[in-house]
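> Build me a model:
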Amino acid sequence: MSIGRIITGDADVAEGADWLAAHVPQFATALAATGPLPLRLRADGFDALIGAIISQQVSVASANAMRAKMDAAGLTHETAILTAGEEALRAAGLSRQKIRYALALAEAGIDYTALREAPGAVVIETLTAVPGVGLWTAQIYAMFSLGRADILPQGDLALQEAAKILFDLPQRPKPKQLAEMAQDWSPWRSVAARILFSYYRVAKQREGIS
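Model (predicted):
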């Protein structure tokens, strides 16, 4: 099974944006408002996922504080976290639930190098098998850490709200409805997500909402 296009730079994002604008008039409208889209690529591997777990349901400041404490304590890879155990993670500010998730991820033995060549469905299945790694987190990892060009996190509320505004829908689309809409955006659904993320910020600024 092919893994499809991989986004490696701004030229790939621009190619996808051009394709979407030509096939879906609403995306041309959105791009006129947003301007060039961000690349948003980041490193893959354990570090990226432990960062996602730390960031769940806390402020950016709190997540950064926890991350700084973990980095200072050398809790940056699986072996260190398993060796240190719960007490060290608690000292870094992690809640009981986040400690459980961090240890589960460290114990999972994921082959992150192999995921780079795995189909998107396999990536998501592998990651969501780990407690604390939900569908949204797995999809975001596939999009921005692995550069997959055809992934859309349909459960993201910002994407749903942006789609409602851009496509003039009576209400915010449910995840299933957004996924069905996005079938027409393949093979560039990850770029469509970038457009919607950017358009969400533009639309909210117009409404005076930060």
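
> Now the element after the helix or strand harbouring D12, going C-ward?
Element membership for D12 (DSSP states H and E) is helix 10-23. Once helix 10-23 ends, the next helix or strand along the chain (criterion: DSSP H and E) is helix 25-34.

> This protein: helices as residue ranges?
For the chain, the helices defined by DSSP state H cover 10-23, 25-34, 46-55, 60-72, 78-91, 96-107, 112-115, 120-128, 135-144, 157-166, 175-182, 189-206.

> circling back to that earlier point, can you list contacts of the helix holding D12?
Helix 10-23 is contacted by residues 5-7, 27-28, 31, 36-39, 147, 149, 184-185, 188, 190-192, 194-195 when judged by Cβ atoms under 8 Å, 6 or more residues apart in numbering. Yep, even glycine has a C-beta here, placed from its N, CA and C like the rest.

> Could you find the closest non-adjacent residue to the most centrally placed residue in the chain?
With distances taken as Cα atoms, centre = their mean, the residue of the chain nearest its centroid is I140 (1.8 Å). In this structure, I140 finds its nearest non-sequential neighbour in P153, 6.0 Å apart by Cβ to Cβ, 6 or more residues apart in numbering.

> Just give the number of residues close to the one you found.
Number of residues near P153 (other Cβ atoms under 10 Å) recorded here: 23.

> Only whichever of the contacts of helix 10-23 are buried, select them in ChimeraX.
Command for ChimeraX, covering only those of the contacts of helix 10-23 found buried under the criterion 16 or more other Cβ atoms under 10 Å:
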select :5,7,27,31,37,39,147,149,185,188,190,191,192,194,195
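
> Quick one, grab the pLDDT at the residue of the chain most remote from its centre.
Distance from the C-alpha centroid of the chain, by Cα atoms, centre = their mean, peaks at E87 (29.4 Å). E87 carries a pLDDT value of 91.

> From A108, how far off is it?
Noted for E87: a distance of 21 Å to A108, by Cβ to Cβ, to the nearest Å.

> One more: P25?
Counting by Cβ to Cβ - P25 and A108 are separated by 44 Å.

> Who has more neighbours out of the two?
Ranked by neighbour count (other Cβ under 10 Å), P25 and A108 place A108 first, with 17 against 9.

> how about the residue nearest to the more buried one when sequence neighbours are not counted, what does it touch?
Nearest non-adjacent residue to A108, counting by Cβ to Cβ, 6+ apart: V130, 4.8 Å away. V130 makes contacts with L49, Y101, A104, L105, A108, I110, as judged by Cβ under 8 Å, 6+ apart.

> List the single closest residue to the fourth one in space, sequence neighbours excluded.
Counting by Cβ to Cβ, 6+ apart, V130 is the residue found nearest to L105 once chain neighbours are left out, at 5.4 Å.

> now swap in the last one and tell me
The spatial neighbour of I110 that comes closest, neighbours along the chain excluded (Cβ to Cβ, 6+ apart), is T126 at 6.4 Å.

> quick one: that neighbour from A52, how far?
The value you get for T126 to A52, if Cβ to Cβ is used, is 15 Å.
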